[in-house]
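From the sequence below, what's the structure:
(4 chains)
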Amino acid sequence: MLISITADPLDPQPFIEHVRRDESGAVALFLGVVRSSNLGRRVLHLEYDAYPQMAEKKLRQVAEEIMTRWPISDIAIAHRTGRLGVGETSLVVVVSSPHRREAFDACQHAVDRIKEVAPIWKKEVWEGGEAWIEGEGQPTLHPE
Amino acid sequence: MLISITADPLDPQPFIEHVRRDESGAVALFLGVVRSSNLGRRVLHLEYDAYPQMAEKKLRQVAEEIMTRWPISDIAIAHRTGRLGVGETSLVVVVSSPHRREAFDACQHAVDRIKEVAPIWKKEVWEGGEAWIEGEGQPTLHPE
Amino acid sequence: MKATVKFFAAFHDMTGRRELDLEVREGLTVSELYHDLRARFPRLADYGGSLLFTVNAEYVPADHALHDGDEVAFIPPVSGGTHAH
Amino acid sequence: MKATVKFFAAFHDMTGRRELDLEVREGLTVSELYHDLRARFPRLADYGGSLLFTVNAEYVPADHALHDGDEVAFIPPVSGGTHAH
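Modelled structure (predicted):
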């Protein structure tokens, strides 16, 4: 399991190598990428801000939850922070497993959960304005 | 769209770059990997054989079918042939799209279809024996 | 007693700060602390019920009482992960 | 007339060949061709109904008749893609 919050560009290759095991027949990978337009606005760049220690803890909880629920071999989650231009990768989720169905399911579920629980925010900067995007996810309050 | 049947090792990075567009917010990627055991046998290596021109044509048909059915930006499919050791990548499928749900769905469906229609076979080589694996998929006969 | 408040994202923009060390009274709740801070930083928005609170990097209810040395943060609805909804 | 037969995977192992140029009679069907080849290559297995035929890189029915210059291949159940079922 590998969890990373980093300001450095995200290259998926080391994460693929980290999760692969000799028993793995399948690796499912997701990249979140900055796109050039959102809600009709031309996006110049994004800024991601995180509460790093807490985000790392929450991503680790997501990874453990996924490992418990699906018979996968391993999972890696990396989230980038700071300023990202169009085409740059904000999120990498990689899952390895003996069979392909659970690799896809676990990877997709991990992406959904990350958006819900991780204290990470993005600001969209477009020509003539900018705004923190708030309200896509709302962490659930529950005893831990 | 990029379709490739190749004896060279598969590196996913160029395929990711090929499919990404400025409107892409999501990239879903699948790697098929040679695993060390199958049906209780310790696998030494695999050999993939293909009918190359036809496999390329069938993979292109799968890619076109996927592009028609889901609102994705682009898709790349690469299949390796020849001798592959444990941990080596036999199949790369990469899909980019504005939103993440369809990237996952399209990628997963493409992998399923590739196994059904592509004239590609694998031989498992284990200690003391080897066998062509036949019967996982069976191409459907239909007019084209 | 002492508490440290961390400001992220919109809170960083609204306060111009990343962190603030405060002297707070015993038993102060996190929502009371937020109310007090709005007097000091008038730009702090009223998030109503959609604002969450953390103490020492765990989510806590609004009526959670602070202890000496606690690290507090305010968490508006999160938007990490991808740019593709 | 002439036809070229391509052998892949198990067929390559069973015949020791990748390709074979043949003189075939007008109107010969692909399944008849396969039957004839089994006389020449006794190791060719009886796949029954699970064997598919292609002509010029398209799947065709077993009773498809050959034309001059056709490229024929025999397609046992495929197993490409991944090693993870």
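
Least confident secondary structure element in chain A?
strand A:37-38 (a mean of 84; mean pLDDT, DSSP states H and E).

which other residues reach it?
Strand A:37-38 is contacted by residues A:43, A:124, B:22-23, C:83 when judged by CB atoms under 8 Å, 6 or more residues apart in numbering or on different chains. Quick note: C-beta positions are derived from backbone N, CA and C, even for glycine.

for C:L66, what are its contacts?
Listed by CB under 8 Å, 6+ apart, the contact set of C:L66 reads C:1, C:3, C:24, C:27-30, C:33, C:55, C:72.

which one in the residues you listed is the model shakiest on?
Minimum pLDDT across these is recorded for C:G27, with 92.

which residue lies farthest from the center of chain A?
In chain A, A:G128 marks the outermost C-alpha relative to the chain mean, sitting 28.6 Å out by CA atoms, centre = their mean.

ok so, going back, what about the contacts of C:L66, which one has the most neighbours?
C:V30 (25 neighbours; other CB atoms under 10 Å in any protein chain shown).

Could you give the bridge partners of A:I77?
A:I3, A:V93 (DSSP bridges).

Surely it is in contact with A:V111?
No: applying CB atoms under 8 Å, one finds A:I77 not in contact with A:V111, separated by 9.2 Å.

Now the residue nearest in space to the middle of chain C: closest residue in space, sequence neighbours ignored.
Closest to where the C-alpha atoms of chain C average out (CA atoms, centre = their mean) is C:F74, at 2.9 Å. Leaving out its chain neighbours, the residue that sits closest to C:F74 by CB to CB, 6 or more residues apart in numbering or on different chains is C:F11, at 5.5 Å.

And A:E65, by the same measure?
A:R113 (6.9 Å).

give me the element that neighbour is part of.
Using DSSP states H and E, A:R113 falls within helix A:100-117.

Send me that helix as CSV with only the CA atoms.
In CSV, the C-alpha atoms belonging to helix A:100-117 read as follows (Å, rounded to 0.1, in the frame of the first residue of the first chain):
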residue,chain,number,x,y,z
ARG,A,100,-9.6,-8.2,-13.6
ARG,A,101,-13.2,-7.6,-12.4
GLU,A,102,-12.2,-6.7,-8.9
ALA,A,103,-9.3,-4.5,-10.1
PHE,A,104,-11.8,-2.3,-12.0
ASP,A,105,-14.4,-2.3,-9.2
ALA,A,106,-12.0,-1.5,-6.5
CYS,A,107,-10.2,1.2,-8.5
GLN,A,108,-13.5,2.9,-9.4
HIS,A,109,-14.8,2.7,-5.8
ALA,A,110,-11.6,4.1,-4.5
VAL,A,111,-11.9,7.2,-6.8
ASP,A,112,-15.4,7.8,-5.6
ARG,A,113,-14.5,7.5,-1.9
ILE,A,114,-11.4,9.8,-2.3
LYS,A,115,-13.6,12.6,-3.6
GLU,A,116,-15.9,12.1,-0.6
VAL,A,117,-13.5,12.0,2.4
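
Chain A contacts on chain C?
C:6, C:8-10, C:12-13, C:50, C:52, C:54, C:57-59, C:61, C:73, C:75-85 (CB under 8 Å from any CB of the partner chain).

How far away from the center of its chain is the longest helix anywhere in chain C?
Secondary structure of chain C read by DSSP state H shows that its longest helix is helix C:30-40. Counting by CA atoms, centre = their mean, to the nearest Å, helix C:30-40 is centred 8 Å from the centre of its parent chain.

Around the closest residue to C:H83 other than its chain neighbours, how many other residues sit close by?
Leaving aside its sequence neighbours, C:H83 sits nearest to B:G25 (CB to CB, 6+ apart; 4.6 Å). For B:G25, the neighbour count with other CB under 10 Å is 25.

Contacts only, for B:G25.
A:32-35, B:97-100, C:82-85.

So which of the residues you listed sit within strands?
A:32-33, B:97 (DSSP state E).

if we look at chain D, which of those are close to it?
Of the ones in strands among the contacts of B:G25, not one also sits near chain D (CB under 8 Å from any CB).

coming back round to it: separation between the residue nearest to the centre of chain C and C:A9?
Here the distance between C:F74 and C:A9 works out to 10 Å (CB to CB, to the nearest Å).

Show me where chain C has its helices.
Taking DSSP H as the criterion, chain C carries its helices at C:9-15, C:30-40.

Could you identify which of the ones you listed is most buried?
Stretch with highest mean neighbour count among the helices of chain C: helix C:9-15 (a mean of 20; mean count of other CB atoms under 10 Å in any protein chain shown).

which residues touch that helix?
Taking CB under 8 Å, 6+ apart as the rule, helix C:9-15 contacts A:49, A:121, A:123, A:132, A:134, C:7, C:18, C:41, C:43-45, C:74, C:76.

how does it look with 7 Å?
Around helix C:9-15, the neighbours that count as contacts under CB atoms under 7 Å, 6 or more residues apart in numbering or on different chains are A:49, A:121, A:132, A:134, C:7, C:18, C:41, C:43-45, C:74, C:76.

what do you get for stretch A:125-134?
So stretch A:125-134 is contacted by A:41-45, A:47, A:121-124, C:9-10, C:76-77, C:79 (CB under 7 Å, 6+ apart).

So which bits of that stretch are buried?
Buried residues in stretch A:125-134, defined by neighbour count with 16 or more other CB atoms under 10 Å in any protein chain shown: A:125-126, A:132-134.

Now the residue nearest the centre of chain A: closest residue in space that isn't a chain neighbour?
With distances taken as CA atoms, centre = their mean, A:L91 lies nearest the centre of chain A, 3.7 Å away. The shortest distance from A:L91 to any non-neighbouring residue, by CB to CB, 6+ apart, is to A:G32 (3.5 Å).

is it true that the one you found touches C:H83?
Yes: with contact defined as CB atoms under 7 Å, A:G32 reaches C:H83; the gap is 6.3 Å.

can you list residues touching both of these two?
A:90, B:25.

Ramachandran angles for residue 17?
Here I'm looking at chain A. phi -70, psi -30 (degrees, to the nearest 10).

what's the answer for A:R35, then?
phi -110, psi 160.
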